[in-house]
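Colleague: would you be able to build a 3D model of this:
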Amino acid sequence: MKAQLATKTVFSLAHRHGDILREGWKNIVECIVQLFRARLLPEDFTQGEDFVKGLVPLLYDEPAPLRQESGLFSALVSYITSDSGSKSSTTLHEENEYRKMARACVDECEIIDLVKDSKFLQIQSLKEFLGALMSSNRSSNQRQPDGGGGLTLFAEEQSATICLELLVRVLIENRDRLGEQGMKFWPVVHEYLYTILLQEGKNELPFRIERAVVGLLRLAVRFLRRHDTEVQQDIMRSLRLLLGLRSQFFFRLARQIAFALYQLFQANASSSIKSREDWKLLFTLLECSGAGIRLPAAVAKDLPRSESQPIGVNHPDVDPDRGYTSDGEIPEGQAVSPAGSGTWLMVGKEGEVVETAGNNGDAYALSFAYEFYHHDMDAFFSAIDSLHFLIRETGQITPENIPSMVHCLCVFAEASMNGSNGVIQRVQAAALKRSDGKAAQQRLLERKVPHQKTNSTPSSPSEEENQQQLMNAKYQQRSNQILDLMLILHGRTLSLCRGTKFEATLWSDVWCHLLRGIARICCDNRKGVRMDGLNYLHRALLIEDLKTLSPSEWEDCLHKVLFPLLSSLRQSVPAPDRAAMEETRVRVSSLLCKVFLQHLTPLLSLNTFGNTWMTVLDHLEQYLKLDTKSDLLREAVLESIKNMLLVMSTAGVFQDYQGSLWEKTRAKMDSFVPGLTQQLIEASQAPRVERPVQPIRPASPPEINATPSPISFDVLQAASAVSQNSPGLPLLLDPGILQGFQMPTLSSPVATRREITAPEVLPTDPSPSVQS
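Modeller: Numbering: from 1, shown residues only. Below is the predicted model:
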């Protein structure tokens, strides 16, 4: 009874005179910790908010130690000791009664009101309360974890967990007071989180790390709503601590981080996140948690630390699995993510700095040079939902977040490649890269990576197959969703950036990366996803905004988008997929021909046009040499070649078959399609049939069109009037290829163009006629 009376008195004084408490808060916090460890606190204190499960228990039983001995004698001793130590039913009944009485006494103390009423405390008293919650954890860290006169590691984690939970709740209750005079206590909170996440992260305390990460994210979701710039910057600065976590902790918490970011975007994206660096940080966290990319070795100086951090607190030692090579990982003022237009700085084996994660490497490689871990499927889907919310649902696209958003979409496009099977392949490839020895490699190849933990194990092979099909369908749906988001962002960029300083770099920062990301999905092993990717790529290349591109940028489009796509699709495929892949190759070769001809006029103004044209022929030659089941691909490639030769010849690009470009073209074509160029020359030199042209009585005054008229399909047909006598050069020209093409009018040293006038044809005469 005395203990109950003393407990009620202590908390009654705290309720009544909390404003004058200073050092006394430490004793109050210590009492709460002891009641928590004794399992006497109300249920509100023993559960914490969670982004995945809603509520999780904060108190759990200590795991049983592993037995080091085995045998008959040890089993007999264990049985005797357990029997002698067992309690009678009467003793257990008495203990339960005492526990009920103690819980009733604690309920009368209304400890939860200490947290709720903290928003009415004076500033100095509130600071002392917060300091007591943080110092309690620091004091427990000084105790011996071996149980010799101090707390065990398990008890220490329990004490730190309840203090951390109380700290988060008190801060949330006082969120409206952060900007008040004298309430600049976030630097101290930042130091406290820094200590838990990065210094204590070396210890095996995963639950405390998880609760610290969840608590930081809960504070970020609520505090970023404030229109206080200083508070927002402090929160973003603390969020960067998550990038310094050990890899094993970060990817264990990937689902929590991805779910929290979705709530953060919903609550704060439009009003609170303004700067490009803040967007870069959030999209970096989204990439690492959702797509599961490994953070590379970054050349950085130090992590963001609070101004009030005491001298003598060193950076944590870097664990080998974190991917960092220096004691400090993330510099203040910049993010280490490749999100946006920047690149990672990688450290090689000899200490050299190697640039990656950009288009500075092999231009014929569409895949990203990142190492992917096995991503959590729920985290992956939640991250894509975040992108969907920002791009499609709310349209929160700004010039500040477009580069980071583009990079994030490309990373998720790579992570979704080949569906669930691609996840296994990437994880095994990364494991083989890190492993040593043939035996280890063989074990890794045979190991299966689980996609998602389920509550029930499939009872039959058919049920397991159904689950696999369901998972593949989900991944295919998400791949199509990524394509849709890419196309939306591709179409809105110009209107959002027009008139800003970002308009001049739209191609290098946005459009090129988006087109490469869509082209990457066109290389997917799944036929449906691959065909959808080709449809989206065709629409993206024909978008009206791309007409603003310069000739050099169109050449860059060929070299960084279409040529890499052609190279990727040349790779060998399994026998069952050859027919579907052949259809894909046909469509890609036709797309290359169409884009090249539609932008022939700007390309001709470049001095490097000859090299680009030779590269086009190189890729088509390699497609002709592929071993395919049918002649569909060969016929389509030959048709594309003949179409391009006919258009270029009619436009006078080849200088009446006498220039250096023609000689190179003829030598190249004769190496894999002998005789085709000679037939083109004979067809162009054949006499043309002149027919009288009868004027057409106009029904209305003709419209004056100041723009150059596109080349007529009838003119191209008449340009080879004798093609019927040349079986090697059939007229297979598709009128759709010439849509939007215009006759070159600019003078160029590359070619001397012949003037071609479109004839007037009687409506009743279907045959073409050329007026010489």
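
Colleague: give me the helices and strands touching the longest helix seen in the chain, please.
Modeller: Identified as the longest helix of the chain according to DSSP state H is helix 461-497. Contact here means 3 or more Cβ pairs under 8 Å, 6 or more residues apart in numbering; DSSP states H and E; on that basis helix 461-497 packs against helix 377-388, helix 402-415, helix 419-434, helix 506, helix 512-521, helix 527-541. In short, each C-beta sits where N, CA and C put it, glycine included.

Colleague: now render these as JSON lines, adding mean pLDDT and distance to residue 596.
Modeller: Formatted as JSON lines, these follow (pLDDT from 0 to 100; distance: least, Cβ to Cβ, whole Å):
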{"stretch": "helix 377-388", "mean pLDDT": "95", "distance to residue 596": "33"}
{"stretch": "helix 402-415", "mean pLDDT": "94", "distance to residue 596": "25"}
{"stretch": "helix 419-434", "mean pLDDT": "66", "distance to residue 596": "31"}
{"stretch": "helix 506", "mean pLDDT": "93", "distance to residue 596": "22"}
{"stretch": "helix 512-521", "mean pLDDT": "95", "distance to residue 596": "15"}
{"stretch": "helix 527-541", "mean pLDDT": "94", "distance to residue 596": "11"}
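
Colleague: dihedrals phi and psi, the closest residue to residue 275 other than its chain neighbours?
Modeller: Nearest non-adjacent residue to residue 275, counting by Cβ to Cβ, 6 or more residues apart in numbering: residue 400, 6.4 Å away. Dihedral pair for residue 400: phi -80, psi -30, per degrees, to the nearest 10.

Colleague: now do the contacts for residue 400.
Modeller: 274, 275, 276, 279 (Cβ atoms under 8 Å, 6 or more residues apart in numbering).

Colleague: closest to residue 520 among those?
Modeller: residue 279 (22.8 Å; Cβ to Cβ).

Colleague: what's the distance between the closest one and residue 391?
Modeller: To residue 391, residue 279 is 13 Å away according to Cβ to Cβ, to the nearest Å.

Colleague: more neighbours: which of the two?
Modeller: residue 279 (24 against 19; other Cβ atoms under 10 Å).

Colleague: leaving out chain neighbours, which residue sits closest to that one?
Modeller: Per Cβ to Cβ, 6+ apart, closest to residue 279 is residue 401, 3.9 Å.

Colleague: count the residues that sit near residue 665.
Modeller: Neighbours around residue 665, by other Cβ under 10 Å: 24.

Colleague: just residue 541 next, same as before
Modeller: Counted with other Cβ under 10 Å, residues neighbouring residue 541 total 20.

Colleague: try residue 523
Modeller: Using other Cβ under 10 Å: residue 523 sits among 21 other residues.

Colleague: regarding it, what is its secondary structure?
Modeller: coil (DSSP: H, G, I helix; E, B strand; the rest coil).

Colleague: what's the overlap in contacts for residue 279 and residue 391?
Modeller: The contact sets of residue 279 and residue 391 overlap at residue 405 (Cβ under 8 Å, 6+ apart).

Colleague: so how far is residue 14 from residue 113?
Modeller: With Cβ to Cβ as the criterion, residue 113 and residue 14 are 9 Å apart.

Colleague: more neighbours, these two?
Modeller: Neighbour count, other Cβ under 10 Å: between residue 113 and residue 14, residue 14 has more, with 21 against 12.

Colleague: nearest residue to the more buried one in space, please, no chain neighbours.
Modeller: Nearest non-adjacent residue to residue 14 (Cβ to Cβ, 6+ apart): residue 28, at 5.3 Å.

Colleague: Three-state assignment for the one you found, please.
Modeller: Going by three-state DSSP: residue 28 is helix.

Colleague: give me the pLDDT for it.
Modeller: pLDDT, residue 28: 93.

Colleague: how many residues are close by it?
Modeller: 20.

Colleague: my read is that it contacts residue 132, right?
Modeller: Yes. Between residue 28 and residue 132 there is a contact at 7.3 Å, judged by Cβ atoms under 8 Å.

Colleague: any regions of the stretch 101-250 of the chain where pLDDT drops low?
Modeller: 137-151, 179, 181-182, 200-205, 227 (pLDDT under 70).

Colleague: can you map out the helices along it?
Modeller: Counting by DSSP state H, counting those that start in this stretch, the stretch 101-250 of the chain has these helices, from start to end: 112-116, 123-141, 153-173, 186-194, 206-223, 229-239, 247-252.

Colleague: buried stuff in the last one?
Modeller: Think helix 247-252. For helix 247-252, the neighbour count (16 or more other Cβ atoms under 10 Å) marks 247, 249, 250, 251, 252 as buried.

Colleague: just checking, the first one touches residue 289?
Modeller: No. Counting by Cβ under 8 Å, residue 247 sits too far from residue 289 to count as a contact (12.0 Å).

Colleague: need the helices of the stretch 101-250 of the chain in CSV (columns: distance to residue 594).
Modeller: Listed next are these as CSV, based on distance: least, Cβ to Cβ, whole Å:
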stretch, distance to residue 594
helix 112-116, 66
helix 123-141, 65
helix 153-173, 58
helix 186-194, 55
helix 206-223, 48
helix 229-239, 46
helix 247-252, 44
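
Colleague: looking at those, which is nearest to residue 601?
Modeller: So among the helices of the stretch 101-250 of the chain, helix 229-239 is nearest, using Cβ to Cβ, at 47.8 Å.
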